[in-house]
Each structure stands twice: as structure tokens, then as C-alpha cells.
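In: Next comes the sequence, and after it the predicted model I'd like to discuss.
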Amino acid sequence: MPHRQPDLADIIATLDVDRIDDEHFVATQMDNPAHHIVGGHIAGQALIAASRTAPGRMPHSVHVYYLRAGDARRPVDMHVEVARDGGTLSTRQVTARQDGQILLEVLSSFTVDVDAPEYQQPIPDVPDPDSLPSSQEQHAAYADELGGYWVQPHPFDVRYIDTPPRLAADLGEPSPRLRMWWKPVDAVPADPVMHSALLAYLSGTKMVETALAMRRTNQAATFNALIDHALWFQRPVDLSDWVLSDQFTPSGIAGRGLTTSTMYNRAGQLVCVATQELYFGRGTAPRH
């Protein structure tokens, strides 16, 4: 049976880690048939843990290195070190462990609001999300494949602007660029840090698709693992409305795939820039 998507409520509940003392947190994982810890999920948990030690400040960057896979059937211990508190910026280091072994290391930075001149790259000229079919509608022809994997309910409503990887694999026309609108299927808590953590979660699960399209394969049939993941939050993201993710993969070399995403809110404001590198393993070169 294919992996079923978690409910949005379960994602939110597990992102909100339990605080044991000033610097220690426990992060409950979401189990799945492979019992693997989802990279974007644990990254969001680490961001939440760090933010709880920097009250009154918003995350503006987080850098994650994934060292071990971990077991999603058991919780993860997180230790937050207060590396620095300045007049504007605060830095935190998060170490996540399971059975004494380090699963990931995270550096995150938080800031107060600063009044300063602004500039940004403009939002691409793309169709309105309400004019686009849902991901399930786009994959209707594959409803019987992999036990209904492509049309199952999803915690986020995704509207592809470019051809999604599963369709691109059949068309034989892969593109290094993949643009999509997305938003949660239900309302999320008003906590702005939770919105940033949900963005980290989704970027960890959707940015891989850009590299998969170039490999002429899909996430359901291909081993992949996050190696590192970085996000720069340009302004608080409001997930009560759509977010555009403009994704691009500049290279796939030596079993690794590098991807970037530039994200905008519906008003055209830049909210986040993210990068990640994935490992696809040996002997899985793209088919030509």
C-alpha cells in the first residue's frame, strides 16, 4: 500500500513540540509504513523549539543538516542552545537526538522588526490559483495507480501551473522549473511561527518534485533523502491564503539533486527563498 498523507491537524499538533525545560524539548513524530522521519516535519519542529527560546522575535532563516534517518515510531529529543542574543538578531543551535545519536543539526536566526528600505524580485506572471484544477483533478487518469496514491486527500491544496512530475514522466518533456500554488486545506492557528514551520514542512516535501521531474520519475517510486535544507523568511507568511512556489533545479550530480524555491503570497510579496539538496542513491541516473 502507498503511503497515506497525514491529516493537517496531526501535522500541526506534532509541530508544536513539548517543552521539558528552558532548553529541552520532545518532538513526537508521525509514523508511516516505512517508519522514516519526514525531513520537512522535523525541520519545522526544530524551528518551533528554537522560536520558543526567542520570544518576541520572528524567524528569518533556518539551516538544517540531516545526519541520520531516525525512527518515526519514537519521539526525538531536541536541545536548544542560546548561541547569541543581540539588539536585533538572536541565534539558536538545535541538536536533535534519538537513542543518543544525532539526527540533525540546525542553526536558526530570529529578528525584531526593522524599519528599512525594501526591494524584491517581482512575482512571476502566473494564472490565479482559483482558475487551476486541483492536484487530484490533474492526476485523475492515474486514480487506479499505486492504490490511489495520486488522488488521495492531502493536507495542502496544491494547484500546479506547470506539468506535475507524474504527468511529465509520461510526456517525456521534463522541465527544470515547476511552479505551483498551495495552501492548507483547513484553517491553521494564528501563531505566525507555526505558519513558518508549516512552510518548512511543505517545502521539505514538495521541492523534491522539481528534481524528480528532471529524472523522469516520481516521489512514490524513487528513494530520496534530504541532506540539507535552508530557508530565508523574508516576511511573515499568512497561510490563510495561497502561496506561490516557483521551483527550479540547477543540477543533478553524483546521485544528488539541488533545488531552489522562491515563494510569494497572493499579493505578490516575497515571503521565502529556500534551497535543499537531496540524495537519490547510487545507480539511479536519469533515463535518456
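Out: Alright, I've got the coordinates.
In: residues touching L239, list them.
Out: Going by C-beta atoms under 8 Å, 6 or more residues apart in numbering, L239 touches 183-184, 188, 195, 198-199. All C-beta spots, glycine's among them, are computed from the backbone N, C-alpha and C.
In: Which one of those residues is nearest to V26?
Out: Nearest to V26 out of these is L198 (C-beta to C-beta; 19.9 Å).
In: For the helix or strand harbouring that closest one, name the packing helices and strands.
Out: Using DSSP states H and E, the element containing L198 is helix 192-206. Judged by 3 or more C-beta pairs under 8 Å, 6 or more residues apart in numbering; DSSP states H and E, helix 192-206 is in contact with helix 8-15, helix 39-51, strand 58-66, strand 177-184, strand 225-233, strand 243-253, strand 256-265, strand 270-279.
In: Output the ones you listed as a markdown table; include the columns mean pLDDT.
Out: As requested, the helices and strands packed on helix 192-206 are exported to a markdown table (pLDDT from 0 to 100):
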| stretch | mean pLDDT |
| --- | --- |
| helix 8-15 | 97 |
| helix 39-51 | 97 |
| strand 58-66 | 97 |
| strand 177-184 | 96 |
| strand 225-233 | 95 |
| strand 243-253 | 95 |
| strand 256-265 | 96 |
| strand 270-279 | 96 |
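In: Looks to me like L167 is in a helix.
Out: Yes. The assignment for L167 (DSSP: H, G, I helix; E, B strand; the rest coil) places it in a helix.
In: Am I right that P127 falls within a helix?
Out: No. The assignment for P127 by three-state DSSP gives coil, which leaves it out of any helix.
In: so it touches R179, yeah?
Out: No. Applying C-beta atoms under 8 Å, one finds P127 not in contact with R179, separated by 9.5 Å.
In: Compare the two (neighbour count), which wins?
Out: Each of P127 and R179 has its neighbours counted (other C-beta atoms under 10 Å); R179 has more, 20 against 11.
In: and the more buried one, what does it touch?
Out: R179 sits next to 124, 126, 160-162, 244-247 when contact means C-beta under 8 Å, 6+ apart.
In: count of residues packed around the nearest residue in space to V273 that is not next to it in sequence?
Out: Excluding the flanking residues, the one nearest V273 by C-beta to C-beta, 6 or more residues apart in numbering is W232, at 4.8 Å. Applying other C-beta under 10 Å, we find 16 residues neighbouring W232.
In: Show the contacting residues for W232.
Out: Applying C-beta under 8 Å, 6+ apart to W232 gives the contacts 60-61, 272-274.
In: any chance of those in TSV, plus distance to R215 and neighbour count?
Out: Converted to TSV, these look like this (distance: C-beta to C-beta, whole Å; neighbours: other C-beta atoms under 10 Å):
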residue	distance to R215	neighbour count
H60	32	18
S61	29	18
C272	25	23
V273	23	17
A274	20	23
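In: Show me what the strand or helix carrying D157 is packed against.
Out: For D157, the enclosing helix or strand under DSSP H and E is strand 156-160. Helices and strands touching strand 156-160, by 3+ C-beta pairs under 8 Å, 6+ apart, are helix 135-138, strand 177-184.
In: To R92, which of the ones you listed lies closest?
Out: Closest of the helices and strands packed on strand 156-160 to R92 is strand 177-184, at 25.9 Å (criterion: C-beta to C-beta).
In: Pull up the pairing partners for that closest one, direction included.
Out: strand 156-160 (antiparallel), strand 243-253 (antiparallel) (DSSP bridges).
In: Now it - C-alpha only, CSV.
Out: Written as CSV, here are the backbone C-alpha positions of strand 177-184 (Å, rounded to 0.1, in the frame of the first residue of the first chain):
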residue,chain,number,x,y,z
ARG,A,177,11.1,24.7,-13.5
LEU,A,178,8.0,23.7,-11.6
ARG,A,179,5.5,26.4,-10.3
MET,A,180,2.6,25.7,-8.0
TRP,A,181,0.2,27.4,-5.7
TRP,A,182,-0.6,25.8,-2.3
LYS,A,183,-2.4,26.5,1.0
PRO,A,184,-3.6,24.3,3.9
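In: that older thread, could the helices and strands packed on helix 192-206 be laid out in a markdown table, adding distance to V106?
Out: Putting the helices and strands packed on helix 192-206 into a markdown table (distance: least, C-beta to C-beta, whole Å) gives the following:
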| stretch | distance to V106 |
| --- | --- |
| helix 8-15 | 14 |
| helix 39-51 | 4 |
| strand 58-66 | 5 |
| strand 177-184 | 23 |
| strand 225-233 | 9 |
| strand 243-253 | 22 |
| strand 256-265 | 19 |
| strand 270-279 | 14 |
